[in-house]
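S.K.: pasting the structure only:
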């Protein structure tokens, strides 16, 4: 009746990121108490987040050989403390300083606190940053090259700039870079990449927008940005089932069920399992990715519409036939 898992896409990842960080920020973990090693904290969080995704979606995970955590989405996960807001990974070539790493980044920034009485640690997730793969080049390098192009600079200007920045390339590589830049000027990057070809993701208000999608964001992507910025808590399926079980024990057996903000459809799924006498089920949700999830999860058990809760004419809707 329900699809157990669906294929993970970027829209799902953005939504799940908001859900997971909202819950994680309220969770007290005994294993984190007294831990000061940033690598240990990062490993804990990455494994927990990846497992959260694996419970819900199908996707190709990465490994140490390819160095990318979510291989099928071409996304690498980085976790860093607000006290030292940076994360590093080696570049493969100097060209990546100009045209990017070749994969997307999702960066989690946390503030860790310990409760000495309860002997637990908590990660307050302060920022979640998604950087499109085309925006993972060096900030200063791309800004300088773009300014040269905008000012009608020539090949000699680009060579002089590359030499001034001490980019580790020989003369042939430099000429190849010049031809590439003249033919295809780079997009503005948002990382800091050293000449040792180690990139550092640094938070800076001067480098907004940090959530860099890929050029101009359309309305749909701006909504996803808002989801990541403000959070979006989803009711878990286990909790929804517990609620429906309580209602069933109290003798409640509705003929129709309407969920005004149905999210990914957990409550509707639980309701379909418990209230088998219900002839009609309807869910309304503003988030397009959640609507997709809910429809795949529920199939024909309920109708799910994308709409704004505040703009729905509920009297007219409830008076109509809400059948799937």
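M.R.: Looks like it came in fine. It should be emphasised that the depicted structure is a prediction, and the values quoted were computed from it without experimental measurement. Residues are numbered from 1 along each chain as shown.
S.K.: contacts and neighbour counts: CA atoms only from here.
M.R.: Will do.
S.K.: who does the helix or strand where residue 126 lies touch, helix- and strand-wise?
M.R.: Per DSSP states H and E: residue 126 is located in strand 120-131. Using 3 or more C-alpha pairs under 8 Å, 6 or more residues apart in numbering; DSSP states H and E, the elements in contact with strand 120-131 are helix 10-24, strand 104-115, helix 219-230.
S.K.: List of residues touching that strand?
M.R.: By C-alpha atoms under 8 Å, 6 or more residues apart in numbering, the residues outside strand 120-131 that reach it are 17, 21-22, 24-34, 82, 104-115, 190, 210-213, 228-229.
S.K.: let's see it at 6 Å
M.R.: If you take C-alpha atoms under 6 Å, 6 or more residues apart in numbering as the criterion, strand 120-131 is touched by 21, 25, 28-30, 32-33, 104-114, 211-212.
S.K.: who's sitting farthest from the centroid in the chain?
M.R.: Within the chain, the residue lying farthest from the chain centre (C-alpha atoms, centre = their mean) is residue 251, at 41.2 Å.
S.K.: any idea how far that one is from residue 244?
M.R.: Applying C-alpha to C-alpha, to the nearest Å, the value for residue 251 to residue 244 is 11 Å.
S.K.: pLDDT (mean, whole number) over the next helix-or-strand element following the strand holding residue 126?
M.R.: For strand 120-131, the succeeding helix or strand toward the C-terminus, using DSSP H and E, is helix 139-150. Helix 139-150 carries an average pLDDT of 92.
S.K.: hmm, who's touching helix 139-150?
M.R.: 98, 188, 189, 190, 191, 192.
S.K.: Buried subset of the contacts of strand 120-131, written for ChimeraX?
M.R.: In ChimeraX, a selection of the buried entries from these looks like this (16 or more other C-alpha atoms under 10 Å):
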select :21,25,28,29,32,33,104,105,106,107,108,109,110,112,113,114,211,212
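S.K.: Would you single out the least confident of the helices and strands packed on strand 120-131?
M.R.: helix 219-230 (a mean of 38).
S.K.: Show me what the mean pLDDT comes to for the very next helix or strand once past it.
M.R.: Using DSSP H and E, the helix or strand that directly follows helix 219-230 along the chain is helix 237-249. Taken as a whole, helix 237-249 has a mean pLDDT of 84.
S.K.: how much distance is there from helix 237-249 to the middle of the chain?
M.R.: 30 Å (C-alpha atoms, centre = their mean, to the nearest Å).
S.K.: Stretch 158-175 too?
M.R.: 35 Å.
S.K.: For residue 7, give its distance to residue 57.
M.R.: 6 Å.
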